[in-house]
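Chemist: only geometry, no sequence info:
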């Protein structure tokens, strides 16, 4: 439902913090979000698809600037939103460190878990039927902090 500017002027939104359980439910209920990372005085944010399992968020990326930056500073933030209207939304932010999952140098169990989860999301992951074959890097972000906020319209 879209409101006119007159309707919006009459609304007083109610904001609240989401509980840990609500935040995790929102995070787990989606598979596309944005990862933010920084190096020196520069901050970047990029969309990714992801899967959550326990205290880990798994994703894929390709070689490039994001990976180089995260190799120098593995701390990142991740956000997912559910927006229904200007004053009717939920948002979750995760903060944690990123680990690259390399089958030769990382924990084999962590790599296999990440691969299993990504294949549950995109069945062709790392096969000849992969819709994004250039995304060769599997990673996970530890959910060290999770916070959520919500807005609802009230009249």
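Modeler: The structure has been received and is ready for your questions. On a predicted model such as this, the values are computed, not experimentally measured, just so you know.
Chemist: if you count neighbours, what's buried in the longest strand anywhere in the chain?
Modeler: For the chain, the longest strand by residue count, based on DSSP state E, is strand 88-101. Residues of strand 88-101 classed as buried: 88-96, 98-101 (neighbour count, 16 or more other Cβ atoms under 10 Å). C-beta here means a position set from N, CA and C on the backbone, and glycine is covered the same way.
Chemist: residue ranges of the helices in this protein, please?
Modeler: With DSSP state H as the definition, the chain shows helices at residue ranges 5-10, 20-28, 65-72, 108-121.
Chemist: any chance of those in TSV with mean pLDDT and mean neighbour count as columns?
Modeler: Rendered in TSV, the data for these read as follows (pLDDT from 0 to 100; neighbours: other Cβ atoms under 10 Å):
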stretch	mean pLDDT	mean neighbour count
helix 5-10	55	10
helix 20-28	97	16
helix 65-72	70	15
helix 108-121	89	16
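Chemist: quick one: those as CSV, columns for distance to residue 142 too.
Modeler: Formatted as CSV, the helices of the chain follow (distance: least, Cβ to Cβ, whole Å):
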stretch, distance to residue 142
helix 5-10, 39
helix 20-28, 13
helix 65-72, 13
helix 108-121, 11
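Chemist: out of those, the one nearest residue 38 is which?
Modeler: helix 65-72 (7.6 Å; Cβ to Cβ).
Chemist: good, we can wrap up now.
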